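Participant: Could you look at this predicted model? Sequence included:
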Amino acid sequence: MQRKNDTTYADMLDIINEKIDIFEKYRQTVTVSGSGVGILPDHYRMGELYTNKCGYDAEIEKINQNNIHHILNSPLTNPTETYPVYVRNSGSTESHRHNRIQIYPITITSGDNVVCNYIAKPATVSWGYTIVNEKALYNSGSTINFELHPAEEKNLVIKILELSGIILKDPNLYQTAATEESQQITQEKQ
């Protein structure tokens with residue numbers, strides 16, 4: 001009788017979560033004005049928001065803008081400091097366009113330790129260089145490298161090689177990269 005493999009290291013959901021872990025941020029400060037208007041940190045995917053206004057960490061529930069009117073006008077669902085809610089609003093500037101929120105009740109402010117959990121956006125990659133004698137020379141001081149889990153490095157190199165093959169119109173380079181990518185996918189599924 002052959003023993004089955006232990007799935008601890010092969011669970012696809014665990015593997016994906018491990019790759020995302022490097023971007024997760026916990027208990028990050030949310031700036032909130034005196035009227036409950038908050039600015040979320042720049043993020044890829046928002047998690048939970050909390051406030052300590054009532055003496056413990058109360059989750060601030062996200063509410064759809066279509067429902068906020070009904071919630072605010074009902075004595076049974078009206079938000080309180082122990083059961084606060086928020087809606088996302090459009091910001092007045094480009095930098096805050098997707099990060100502006102309105103918290104209810106409006107008595108919750110920055111002094112009430114409003115924090116959030118989120119998945120951060122990776123930094124925008126930039127290969128820095130300076131021109132010396134009409135030639136580009138690598139400049140590590142102005143370079144922003146890829147932020148990714150070590151398991152994704154090989155996939156990135158394969159993809160860059162694949163795209164280079166297309167740009168250089170080198171079918172051998174493109175075919176090698178495509179074969180490597182296919183082998184990598186097959187290996188990950190096993």
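Facilitator: Done, it's in.

Participant: same for the host helix or strand of residue 178, what does it pack against?
Facilitator: When elements are assigned from DSSP states H and E, residue 178 belongs to helix 171-189. When contacts are defined as 3 or more C-beta pairs under 8 Å, 6 or more residues apart in numbering; DSSP states H and E, helix 171-189 sits against helix 153-168. C-beta coordinates here come from the backbone N, C-alpha and C atoms, glycine included.

Participant: list the helices and strands the helix it packs on packs on?
Facilitator: Packing partners of helix 153-168 (3+ C-beta pairs under 8 Å, 6+ apart): helix 171-189.

Participant: returning to what we had before: and the helix holding residue 178, what's its mean pLDDT?
Facilitator: On average, the pLDDT along helix 171-189 is 77.

Participant: Please list all residues in contact with the nearest residue to residue 181 once chain neighbours are set aside.
Facilitator: In space, not counting the residues next to it along the chain, residue 181 is nearest to residue 158; the distance is 4.8 Å by C-beta to C-beta, 6 or more residues apart in numbering. Contacts here follow C-beta atoms under 8 Å, 6 or more residues apart in numbering; on that basis residue 158 touches 177, 180, 181, 184.

Participant: can you pull the pLDDT of residue 158?
Facilitator: Per-residue pLDDT puts residue 158 at 83.

Participant: And the strands in the chain?
Facilitator: 24-29, 31-32, 37-39, 45-51, 58-62, 85-89, 100-104, 115-119, 129-132, 135-138 (DSSP state E).

Participant: low-confidence ranges in the chain?
Facilitator: Applying pLDDT under 70 to the chain flags the ranges 1-8, 90-98, 166-169, 190.

Participant: tell me the domain ranges of it?
Facilitator: Described in terms of automatic domain parsing, the domain architecture of the chain consists of the residue ranges 21-119, 129-189.

Participant: Same list (the ones you listed) but as JSON lines, adding distance to residue 10.
Facilitator: Conversion of those to JSON lines gives the following (distance: least, C-beta to C-beta, whole Å):
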{"stretch": "domain 21-119", "distance to residue 10": "18"}
{"stretch": "domain 129-189", "distance to residue 10": "9"}
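
Participant: now, of these, which is deepest in the fold?
Facilitator: domain 21-119 (a mean of 15; mean count of other C-beta atoms under 10 Å).
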